[in-house]
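Asks: sequence and computational prediction follow.
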Amino acid sequence: MAKAKDKAPAEGPAKGFRRVARISAMADGYRRGGLKHTKAPKDHPIESLTDEQIEALTNDPRISLQYVDVPDAPEPKEGE
């Protein structure tokens with residue numbers, strides 16, 4: 001299956017950031033694109049979503065999908 005990373009905005013995130021798909025639904029437990037959604041936004045790695053999922057989410061008026069740049073997780077320090 002094709003991945004949706006090519007559907008994200010063309011410009012990449014700034015250094016130290018990564019782009020995610022932030023998804024929320026009008027109602028808790030709403031399902032679309034094989035995923036269960038909530039009113040509270042949840043970040044999904046873009047590379048984990050297929051083109052078909054992005055299309056289904058984008059075309060559903062009960063879903064909010066935004067591409068957001070978030071800070072990279074800090075690297076674990078040695079011994080932690």
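Replies: All right, it came through fine. Residues are numbered from 1 along each chain as shown.

Asks: separation between His44 and His37?
Replies: Taking Cβ to Cβ, to the nearest Å as the measure, His44 falls 10 Å from His37. Backbone N, C-alpha and C define where each C-beta goes, glycine included.

Asks: more crowded one of those two?
Replies: Set His44 next to His37 and count neighbours by other Cβ atoms under 10 Å: His37 wins out with 24 against 17.

Asks: was I right to think the more buried one contacts Ile23?
Replies: Yes - counting by Cβ atoms under 8 Å, His37 touches Ile23, with 5.9 Å between them.

Asks: which neighbours do the two share?
Replies: By the contact definition Cβ atoms under 8 Å, 6 or more residues apart in numbering, His37 and Ile23 are jointly contacted by Ile63.

Asks: quick revisit: quick check: neighbours shared by His44 and His37?
Replies: Common neighbours of His44 and His37 (Cβ under 8 Å, 6+ apart) are Ile23.

Asks: Gln66: neighbour count?
Replies: Gln66 - counted by other Cβ under 10 Å - has 11 other residues nearby.

Asks: run the chain-centre distance for the strand or helix carrying it.
Replies: Taking DSSP states H and E as the criterion, the element that holds Gln66 is strand 63-71. From the chain centre to the centre of strand 63-71 is a distance of 6 Å (Cα atoms, centre = their mean, to the nearest Å).

Asks: just the C-alphas of it, formatted as CSV.
Replies: This file holds the C-alpha atoms of strand 63-71, laid out as CSV (Å, rounded to 0.1, in the frame of the first residue of the first chain):
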residue,chain,number,x,y,z
ILE,A,63,-13.0,14.4,11.2
SER,A,64,-10.4,17.2,11.7
LEU,A,65,-7.0,16.4,10.2
GLN,A,66,-4.1,18.8,10.4
TYR,A,67,-0.5,18.4,9.6
VAL,A,68,1.5,19.7,12.6
ASP,A,69,5.3,20.0,13.2
VAL,A,70,6.2,18.7,16.7
PRO,A,71,9.5,18.6,18.5
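
Asks: lovely, talk soon.
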